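> here is a sequence with its predicted model. Questions after.
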Amino acid sequence: MAIYEYRCDRHDVFEITRALGTAPPSAECPECGAMAGRIISLPSVRCGARTGVLAAIDRADKSRFEPEVVSAPPRKRRSNVIPLTPQLARLPRP
């Protein structure tokens, strides 16, 4: 299934879900019933190689409409990194 966008002169953009390649060039506006022309927009294509980036984008988009409710601010974690001393600086690094 694909999502097709149409622009009504009175009510802006609305979407219709149809089988791929079966969208008509115009559709009836669900609010006023006037005929609206189809508009071409960028497809939503997801790439598996950038899953971390896509997950962050999805999380940010979701939080815009459904923010997470927390009981307290997040705690700061202590670092496990030991500061380098002159003796440790000469050791080989992995």
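Nice, I can see it.

> check contacts around the one residue sitting closest to the centre of the chain.
For the chain, the residue nearest the mean C-alpha position is residue 58 (3.8 Å; Cα atoms, centre = their mean). When contacts are counted by Cβ atoms under 8 Å, 6 or more residues apart in numbering, residue 58 is found next to no other residue. From N, CA and C alone the C-beta is placed, and that goes for glycine too.

> and it, that's in a helix?
Yes: remark: residue 58 belongs to a helix, assigned using DSSP: H, G, I helix; E, B strand; the rest coil.

> how far away is residue 9 from residue 87?
In this structure, residue 9 and residue 87 are separated by 76 Å, where distance is defined by Cβ to Cβ, to the nearest Å.

> my error: substitute residue 36 in the last question.
To residue 87, residue 36 is 74 Å away according to Cβ to Cβ.

> neighbour-wise, which of those two wins?
In this comparison of residue 36 against residue 87, neighbours counted by other Cβ atoms under 10 Å, the higher total goes to residue 36 at 23 against 7.

> pull the contacting residues for the more buried one.
Counting by Cβ under 8 Å, 6+ apart, residue 36 touches 6-9, 14, 26-29.

> 7 Å instead, please
By Cβ atoms under 7 Å, 6 or more residues apart in numbering, the contact set of residue 36 is 6-8, 26-27, 29.

> what do you get for residue 12?
For residue 12, no contacting residues are found, by Cβ under 7 Å, 6+ apart.

> ramachandran angles for it?
Dihedral pair for residue 12: phi 70, psi -140, per degrees, to the nearest 10.

> what bridges to it?
In this structure, residue 12 has beta-bridge partners residue 8, where bridges are defined by DSSP bridges.
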